[in-house]
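# After the sequence you'll find the predicted model.
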Amino acid sequence: MKLLYIVEDFAENGGVERIVSQKANIFSTQYNHDVTIVSVYRDNRNIEYSIDENIKYISLDVPFANKDKGKLSTLYSRLSTFIIAIRRVNHVINQINPDIIFFTTTLGALLLPWCRTKARKVYESHTARRYTPFSCFFFLTELKADAIVCLTDGDANEYKMARSVEVIPNFIDEPLRLVNDYSVKKAIAVGRLEWVKGFDILIDCWKDIANEHPDWHLDIYGDGAMRANLQSQIDRLELQNQVTLCGRNEKIMEVYPQYSLHIMPSRYEGLPMALMEAQSCGLPSVVFDFKYGAHDIVTNGYNGMIARQGDKKSFVDAIDIMMRSPKLRLQYGHNAIEVGMRYHKEKILFRWFELIRTIAK
């Protein structure tokens, strides 16, 4: 069977790109599907996620829209770029003649209705619709897609007009090592250094936490546009000895077991892989009640604690409770391992196989 993945920018090296590369590799090597990955935008960065030699990779080399010359100019540039993308995507589809096309990211949702093909069309929603740019146009996607796949029930409920909506969470690799020392006074947070991830909130909160727990240390792993601002915030609050920006780590699953507490201050999410990975390694988590994914993964008082969204005092109080009790971290951490197992690769991939089989009929 011919499968085609359309990705906005495969060089972005984020969660979407990682999941697509893993699924493509498995479908190609283990199930002998003919797989092609199409990256829409022009990007000269190296691709970090490896793909099997039998997988065809195509870059459409569409230039990014120019957003620096006023609103009207930006709108014109976006429309021009979108039209170029439509033409080039349709050209590739006609050449490959796939059986199923998987559209990912916001651009994928917008392109789907304009693709002229007899192939089955599936939109993979990796970000909650209510927080996705241009989601007001997604009604066209609903009308034209053969299926929409969401990460959570909450996001699935946003698609009222779709002919078929499936909920299939992302998957994670089974960890090679688990936390074995819950007395370690080290907390970890992981994610892109962007506004949505809320690390600015966490650093503000850590000023109060450091006063009560000066012997605890917070390491934040990830990279992004806010790195300089976050470092300035750390310096301004004089937290250099308590908070460290560690950069991106490609082997983060080997890093989690070095800690005893995981913290996620996100403003919103699709379904956070960092949270699933931390849990699977045996880390209890303190999270905001963000949409979506917090309640899907964390049960308050079982494998972590959930604070009211945006309530810094509630967040600090939850972290304080966890820090004061190695016994509680041990109890929640062991429960977290059980929760993390739900997202292991083999369990989630089975649902994708079933979806492909159903759609192919």
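Looks like it arrived, so ask away. Since the model is a prediction, treat every value here as computed from it, not as a measurement.

# so who does Asn44 touch?
Applying C-beta atoms under 8 Å, 6 or more residues apart in numbering, we find Asn44 in contact with Ala11. Quick note: C-beta positions are derived from backbone N, CA and C, even for glycine.

# What does the pLDDT read for it?
In this model, Asn44 is scored at 85, pLDDT.

# Please report how far it lies from Asp9.
11 Å (C-beta to C-beta, to the nearest Å).

# Do you have the helices of this structure handy? List them.
Assigned by DSSP state H, the chain shows helices spanning 15-29, 71-96, 105-111, 138-144, 153-156, 199-212, 227-236, 273-280, 294-297, 312-323, 326-340, 345-360.

# Can you point out the buried residues in the first one?
Same thing as helix 15-29. The neighbour-count check on helix 15-29 (16 or more other C-beta atoms under 10 Å) flags 15-17, 19-28 as buried.

# Show me how far it is from its chain's centre.
Relative to the centre of its chain, helix 15-29 is centred 14 Å away, using C-alpha atoms, centre = their mean, to the nearest Å.

# and if you look at the fifth one?
Here helix 153-156 is found 15 Å from its chain centre; the criterion is C-alpha atoms, centre = their mean.

# That one - contacts with which helices or strands?
Helices and strands touching helix 153-156, by 3 or more C-beta pairs under 8 Å, 6 or more residues apart in numbering; DSSP states H and E, are strand 165-167.

# Could you spell out the sheet neighbours of the strand it packs on, each with its direction?
The pairing partners recorded for strand 165-167 under DSSP bridges are strand 147-150 (parallel).

# Would you mind pulling the contact partners of the strand it pairs with?
Contacts of strand 147-150 (C-beta under 8 Å, 6+ apart): 120, 122-125, 141-142, 156, 158-159, 162-168, 355, 359.

# can you list the weak-confidence ranges in the stretch 51-200 of the chain?
In the prediction, the stretch 51-200 of the chain carries no residues with pLDDT under 70.

# Of all pairs in the buried residues of helix 15-29, which one is the farthest apart?
Maximum pairwise distance in the buried residues of helix 15-29, criterion C-beta to C-beta, is 20.4 Å, between Gly15 and Ser28.

# quick one on the thing from earlier: relative to Phe290, which of the buried residues of helix 15-29 is nearest.
Nearest to Phe290 among the buried residues of helix 15-29, with distances taken as C-beta to C-beta, is Gly15, at 15.4 Å.

# who touches that closest one in this structure?
Per C-beta under 8 Å, 6+ apart, neighbours of Gly15: 126, 170, 273.

# want to throw the residues you listed into CSV with distance to Lys186?
Formatted as CSV, the contacts of Gly15 follow (distance: C-beta to C-beta, whole Å):
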residue, distance to Lys186
His126, 30
Asn170, 26
Met273, 21
